[in-house]
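Novice: attaching a predicted model along with its sequence, questions to come.
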Amino acid sequence: MGKKKRAFIYVAVWMLVIFLFSAQVSEDSSEQSGRVVAFLLSVVRLLFGESAAKTLAGSGIEFVVRKLAHFSEYAVLAVLMHRALRLNGCPAPYPLSLLFSALYACTDEFHQSFVPGRSMELRDVLIDTSGAAFGLLLVFCTLSIRARSRGRAQAA
């Protein structure tokens, strides 16, 4: 299988990962977030002491962890979609990747409305789309830096 087709398979696999996370009932999703929070608190405890860990624990860190998960899932999705589109010669990979990611975020939230204990949230669509935009910004910066460094190497 060629590189161009594989790139779209990566997109589809990542979409499945997002779908499976969204299909978790609220208790399972909270448990998973709780494990991440427990890990972060143990690192903070180790580095900064018990009082810092207690302060962080009372600061709504689980909410932040859950929203960062949304943000990062969609950053990855947009990066993968951009790569697939670019490899396949798409003339506008940035806006199409962002649009695709935003539309998938909408369908993902709709899907969550059918999962026990989960809900459809416009805020999450906005967070997801922001994550996608951030991922594409990283791609743009990375490709720009590579292009500049190649230009300098050729000039030398």
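Specialist: Happy to help now that I have it.
Novice: alpha carbons only for contacts and neighbour counts from here, please
Specialist: Noted.
Novice: Gly34 against Glu62, yeah?
Specialist: Yes - the pair Gly34 / Glu62 is scored as a contact, 6.9 Å apart, by Cα atoms under 8 Å.
Novice: more neighbours: which of these two?
Specialist: When Gly34 and Glu62 are compared for neighbours, Glu62 comes out ahead with 19 against 16, by other Cα atoms under 10 Å.
Novice: would you check that the more buried one makes contact with Ser33?
Specialist: Yes - here Glu62 reaches Ser33: they are 6.5 Å apart, a contact under Cα under 8 Å.
Novice: can you get me a residue count around the residue nearest to Ala23 when sequence neighbours are not counted?
Specialist: Leaving aside its sequence neighbours, Ala23 sits nearest to Val115 (Cα to Cα, 6 or more residues apart in numbering; 6.2 Å). Neighbours of Val115 under the rule other Cα under 10 Å: 15.
Novice: for Val115, give its distance to Lys4.
Specialist: According to Cα to Cα, to the nearest Å, Val115 and Lys4 sit 34 Å apart.
Novice: ok, Val139 next?
Specialist: For Val139, the distance to Lys4 (Cα to Cα) stands at 18 Å.
Novice: now the end-to-end length of stretch 16-34.
Specialist: Using Cα to Cα, one end of stretch 16-34 lies 23 Å from the other.
Novice: centre of the chain to it, how far?
Specialist: Per Cα atoms, centre = their mean, to the nearest Å, the displacement of stretch 16-34 from the mean C-alpha position of its chain is 14 Å.
Novice: then stretch 96-103?
Specialist: 13 Å.
Novice: again, but for stretch 92-108
Specialist: A distance of 12 Å separates the centroid of the chain from that of stretch 92-108, by Cα atoms, centre = their mean.
Novice: buried set for it?
Specialist: Going by neighbour count (16 or more other Cα atoms under 10 Å), the buried part of stretch 92-108 is 93-94, 96-102, 104-106, 108.
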